[in-house]
Each structure stands twice: as structure tokens, then as C-alpha cells.
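# structure, please.
(2 chains)
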There are 2 protein chains.
Amino acid sequence: MSVAYSFNPAAEVAAEPSIEGIVNLVRADMDRVNALILSRTGSQVTMIPEVAQHLISSGGKRLRPMLTVATGTLAGYEGEGAVKLAASVEFMHTATLLHDDVVDDSEMRRGKLAARMLWGNEASVLVGDFLLGQAFRMMIEVGNMRALDILSNAAVVIAEGEVAQLAAAKNIATDEEAYLAVIRGKTAELFAAACEVGPVLAGRAPAEQAACRDYGMNLGIAFQLVDDVLDYGGSKAALGKNVGDDFREGKITLPIVLAVRSADEEERGFWRRCLEEGEIGEGDLERALALLTRHGALTETIERARAYGAAAKQALEVFPDSPAKAALIDVVDFCIARIR
Amino acid sequence: MSVAYSFNPAAEVAAEPSIEGIVNLVRADMDRVNALILSRTGSQVTMIPEVAQHLISSGGKRLRPMLTVATGTLAGYEGEGAVKLAASVEFMHTATLLHDDVVDDSEMRRGKLAARMLWGNEASVLVGDFLLGQAFRMMIEVGNMRALDILSNAAVVIAEGEVAQLAAAKNIATDEEAYLAVIRGKTAELFAAACEVGPVLAGRAPAEQAACRDYGMNLGIAFQLVDDVLDYGGSKAALGKNVGDDFREGKITLPIVLAVRSADEEERGFWRRCLEEGEIGEGDLERALALLTRHGALTETIERARAYGAAAKQALEVFPDSPAKAALIDVVDFCIARIR
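Residues are numbered from 1 along each chain as shown, chains lettered A, B, ... in the order given. Next comes the predicted model:
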């Protein structure tokens, strides 16, 4: 099945946004983050590093830990703590992915078979628990109580967001507010926490901590909105999973919320059958895409992503210009540009 | 199917051991622990308290949090921290149970349907994550770095033990050492950590912290050995799940390790078929019980449990006699007496 949709006519595009800026900025510290990640997935129980490494070495961008290191640099932090907190953030993220794949019955992740397809749901659940425990150990080693508070609170909020998503799944009455509450929890909170701990470690003023948190929260929302759009039109290679997975799982994402809002009775029946009753047949994904396009739901979602991206950039205005600030601004453009 | 086996002839039995001693000792603090547990399972996401309360209010004995409060009392602690750490310990335990039920495909827990049977595996995984996050938040609120270290380490060790159990499952070549490594991790570590943080909060000498940890570790091993025996002969009501669940899941527990060690070639074939290949038919559980009895595997396991129980009691000898010490000693007898 091939679904092709051009979200962004070439005419609109200027220079290609990239994450080279942040990659170069944090390179030395990220080498240490990666070494720490490798050593902390070690265990005498050999199944643990096998499962953990399968996912961790599968070519994720490590965006979240890069944000922790970069916001630390932005805030003038020069200690050892950012590397450990960055590794903690990546472990929290990896644990969430392992558990998500079980929850969603996913077969693929980052273009490879999901760990649960190779080692079973059991191993995915338990290795996720191991990584979450290791994340907390590393945070505790850093010993900054405020950072501990932020990251442990994030762990709770992420789980709440995931459960809220479960409760909203297969319910086309989900409105935009409920949807936003879900993605603030399941996705944006970790971006926010990852960015907030940078200035916290540096002991910067509350306003600057809040600014970095705002940056991360808005970036995280934009990132998730772009993901939601890509699920209806990215290439399998760029997506690392199959186009239409959200549709098949009955996930109510913003494009769906917007299309249902504009739907007539017949269309509403279509969405109900596919998303609530899970009766999806030949041609239904194409029909869904046609309806999303007709009602401008994908374009509108992209507009929202751009607005959140602009808010993320604006949050950084309290900081003077610096290479770190420029790199963090480029990250926003990169995340949104994934749509092309 | 009815399996009846009397482990302990009435003639051997003196007074009925009970946990009345510890229950009375910690009553006031446990009221506060229970209130805290109730308030910290709250969430705007209504599915979370539903799932959490289903398990938490299902009549568990709250043994682990009682141990934290009681070892705090033993050590002369009078602050607020023990109540929060006790609630953390119970949340860690509850999270483990929710995830275990998913891993084991269990249908029952504490005599009720397992949460995953009512809300699905998804909710059990995610609500477990929520509770683990809340456990860490409460620990962090207490702010004792050494206690944080002990409990976060326990979270990692528990997950390692669970994965090790998974790796050993369906493998009758598992030896006693490997089995003990599994239960030290999956069960005894949380008992040990729950007991160690009491004197840690009180700022007692390392030898006393170590004594409480030893007490908990040995008690936890004894507790698990008794559980393993009960799985082959307890009543369904006392067990809260079905007799023979371990057998049907291919779990290699100490009774099996001991029976396989004494098995002839034909018996080894039986264990291989039932536990490794999972081909279990009518009469096989009865045959397993007959073999366990013939080789004295259940009796020997009970003997080991008693020896670990004795070691637990001995660990407390560094403390002068007190109501708390007497109550902790009674707990050991109570855990072992569950066999009758």
C-alpha cells in the first residue's frame, strides 16, 4: 500500500534545517553520555543488555539527552551532572518506548523489529523497569534535589499521559483539549524536564529555568504534532514504522480530532467504524487520508506545530545570543521540517 | 482438581504465630501510610486510581511497609520520613505485581481477578509505571540520600531478578545457586531495602543498618521459599491464586530444582515435558506433587526456609530486646507458619 502526500510544496522551502548545530555543540559531552548509557545497560543478566542495546543502538537521534546538555551549556553549566542527567533522560525515554510497544502491540520501532517481537512482551516490560530504575540511580548520584524532583515528577506525568491516551483511544468524541493534555503528558513533559534541568544544575534564576521548561514543552508538543502528521504520510524509512499505524490502532490524534469536527454524518460513521470499532478494510487508509486532506486537517495540524515551534523559540528570548541558543533554535526548525 | 498435602503434622505445632505484634506496634503509623497510599494513587486520569485501588485494596497484608515502620521504631526513629518511605515501598511492590501479572499471564491475584483481566495488559503496565514514579517522588520528598540510594538500587535489582527468572524459566537445568540469585533479586531485595531504610533514617551505625538489611534479606528468602512450597499445596483461598500456577507457567522453583536433582531418567523426561515443553495434561500436577514428595523436595525446601528464618532472627541480636524487636521476630515465625 502506498500513500503519498506532499505536505510542503518545495517553493516554500528555504535552507534545509538540520541538527548539526546542536550535534556539534554537545559532541564531547554526548560521547560521555553514550559511554554512560552503554555501561549502565550492563548486567550479569545477559538478556538485559541484549534487549536494551537492541533499542538504544537502533539509531535514535538522542534528541532529549542532547537538549539536557545543550540547555546546561546555554545556562553556563560546567559540572559533571548534565552528562548523568542526560543519560537518565534517555533511559526514561527508552523505558517508555519499550512499554509503549507492548501497550500498542507494535511490530516495528525505528525501522527494526520491536524488542517485544524478538524477546517477548515480558522482557520488554521488565527491561523497561530496569532502565527506569537505572535512570533514577543516575539522577540520585548527581544529588541535585530540584533536578530529582523535576525528573521524578516527569515520570509520573508521562505515565498519566499514556493512561489518558489509553482511555481516549477508540473514542472519536475526544476533543482538542483532551488530546493536548495527552501529548503534554506522554511526549512534551520529558522534553520540558530534559530542558529544565540544564539551568537548574547551573543554579540559574527561576525565570530562566521556566524559560527552558517552556522551550522544551512547546518543542515537545510541536514534535508530537509533526509525528501525528507523519503517521499519515511520511515514508516508512523516515518514520521507522508503518504509515497508518495510529489509524490501525484507533489512536485519536489531532488530525483526526480536526477531521471529525468537520465531518458530516456519513464521514462520522466512517471514523466510528474504523477507529472505534476497528473494522478497517482495503482502501480505508486512503479514504482517511482523503478526508483529512479535504478538511485541511493535516495542514491545520502543521500550522499548530509551527505555532508551538514559534513559542519554543520565543521562550529562549530571555537568554542572550550564543552558539547554544542558536543550536536550540535550529532544533525547533529541524523538528518541524521532518514533515517534508 | 484438588491437591492436598499436609506439610506440617499438628504434633509439631506450638502456639499459632501471628503478625498481631507488628500490627499493633505500627498501627498509628500504618493509618498514615494507608492514607498516603490512597491520596497518592489519585489522578485526574480516572483509570489510574481504579486500577491501582483494585489491587491495593485487595487485602494484601502490607508486610513490607510495616517492616519499614517497625525497623524505624526498632532504631528509635521518630520523624516523618518512615511513613513516606513505607508508602514508597508498597508502591514499588504494587508496581511489580501489576507488571508480574502481565509477564506471567496471571488471571488471579490475591483471590480476585488480576487487574489486567479487567483493564487489559496496557493499563497494568502503565499504572505500574505511574506507581513506580510516585514511589520515587515520595522518596525524594523525604530527602535522605542514603535511603534514596538503597531504594533506587532495589528497583534495579528487582528488575534484574525478574529478568533472570524469565531467562531461567522452562529450563530444568537451573541449579540452586541460580534459583537463589533470582529470588534474592525478585523478592528478598525489597524486604532488605524496606528494613534497611528504618535505621538509615534514624542515623544509626552502619552495623545496625547492615543487621536490619540482613534480617530483611533472610526473611525475604524464607518468605519466597514458603510461597514456592504453597504453590504446590496451599489452599486457593490462602494462596489468592490457583494451586499449581508455577507448575503451569514452567517456573523453576526450589522444590523443582531439588526434585530434578534426584530424578531418574524417566522422571527427568516428565519434568522436561511439563516444564520445558509446557505439555501438561490430566494428572500431571498430581504426578509432580508425588515426585516432589517422594524426593523430599517440599520438606527440604521448608527446612531451608526455616534456616533462613533463623538467620533473620539472629541478625537482630545486635539490638537490645524491645517490643519492636519481638514483633519483628514474630514476623519471621508468621511467614514460615503460612505453610500449615
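
# give me every residue in chain A lying close to chain B.
Within chain A, the residues that sit near chain B (CB under 8 Å from any CB of the partner chain) are A:43-48, A:95, A:99, A:102-103, A:121-123, A:125-127, A:129-130, A:132-134, A:136-137, A:140, A:143, A:145, A:148-149, A:152-153, A:155-156, A:158-160, A:162-164, A:166-167. C-betas here are computed from N, CA, C, even on glycine.

# what subset of those is buried?
Among the residues of chain A next to chain B, those scoring as buried are A:43, A:45, A:47-48, A:95, A:99, A:102-103, A:121-123, A:125-127, A:129-130, A:132-134, A:136-137, A:140, A:148-149, A:152-153, A:155-156, A:158-160, A:162-164, A:166-167 (criterion: 16 or more other CB atoms under 10 Å in any protein chain shown).

# which ones among those residues map onto helices?
Residues of those located in helices (DSSP state H): A:47-48, A:95, A:99, A:102-103, A:121-123, A:125-127, A:129-130, A:132-134, A:136-137, A:140, A:148-149, A:152-153, A:155-156, A:158-160, A:162-164, A:166-167.

# right, and A:Pro251 touches A:Ala169 too?
One thing to correct before we go on: residue A:251 is Lys, not Pro. Yes - using CB atoms under 8 Å, A:Lys251 is in contact with A:Ala169, at 6.1 Å.

# can you give me the neighbour number for the residue nearest to A:Val197 when sequence neighbours are not counted?
Distances taken as CB to CB, 6 or more residues apart in numbering or on different chains put A:Ala147 closest to A:Val197, at 4.5 Å, once the chain neighbours are dropped. Residues near A:Ala147, counting by other CB atoms under 10 Å in any protein chain shown, number 23.

# so who does A:Leu166 touch?
A:103, B:47, B:122-123, B:126 (CB atoms under 8 Å, 6 or more residues apart in numbering or on different chains).

# pull up the gap between it and A:Lys251, please.
As judged by CB to CB, to the nearest Å, A:Leu166 and A:Lys251 stand 10 Å apart.

# and for A:Ala70?
31 Å.

# out of these two, which sits in the busier spot?
A:Ala70 (29 against 19).

# which stretches of chain A form strands?
Ranges of strands in chain A, per DSSP state E, are A:108-109, A:112-113.

# could you spell out the sheet neighbours of the last one, each with its direction?
Right, strand A:112-113. Strand A:112-113 pairs in its sheet with strand A:108-109 (antiparallel), by DSSP bridges.

# determine how far the partner strand lies from the middle of the whole chain.
Offset of strand A:108-109 from its chain centre (CA atoms, centre = their mean, to the nearest Å): 15 Å.

# could you do stretch A:127-138 as well?
Counting by CA atoms, centre = their mean, stretch A:127-138 is centred 19 Å from the centre of its parent chain.

# what is the mean pLDDT for it?
Averaging pLDDT along stretch A:127-138 gives 98.

# nearest residue to A:Ser322 in space, please, no chain neighbours.
A:Leu74 (6.6 Å).

# for A:Cys212, see how far away the one you found is.
Plainly put, A:Leu74 is 7 Å away from A:Cys212 if you go by CB to CB.

# these two: who's more crowded?
Using other CB under 10 Å, the more surrounded residue of A:Leu74 and A:Cys212 is A:Cys212, with 31 against 28.

# and the residue lying closest to the more buried one once chain neighbours are set aside, how many residues sit next to it?
Leaving out its chain neighbours, the residue that sits closest to A:Cys212 by CB to CB, 6+ apart is A:Cys195, at 4.4 Å. A count of nearby residues for A:Cys195, using other CB under 10 Å, gives 33.

# cool, and A:Pro199?
A:Pro199 is flanked by 25 other residues according to other CB under 10 Å.

# who are the contact partners of the residue nearest to it when sequence neighbours are not counted?
Leaving aside its sequence neighbours, A:Pro199 sits nearest to A:Ala75 (CB to CB, 6+ apart; 3.9 Å). A:Ala75 sits next to A:198-199, A:201-202, A:204, A:208, A:212 when contact means CB under 8 Å, 6+ apart.
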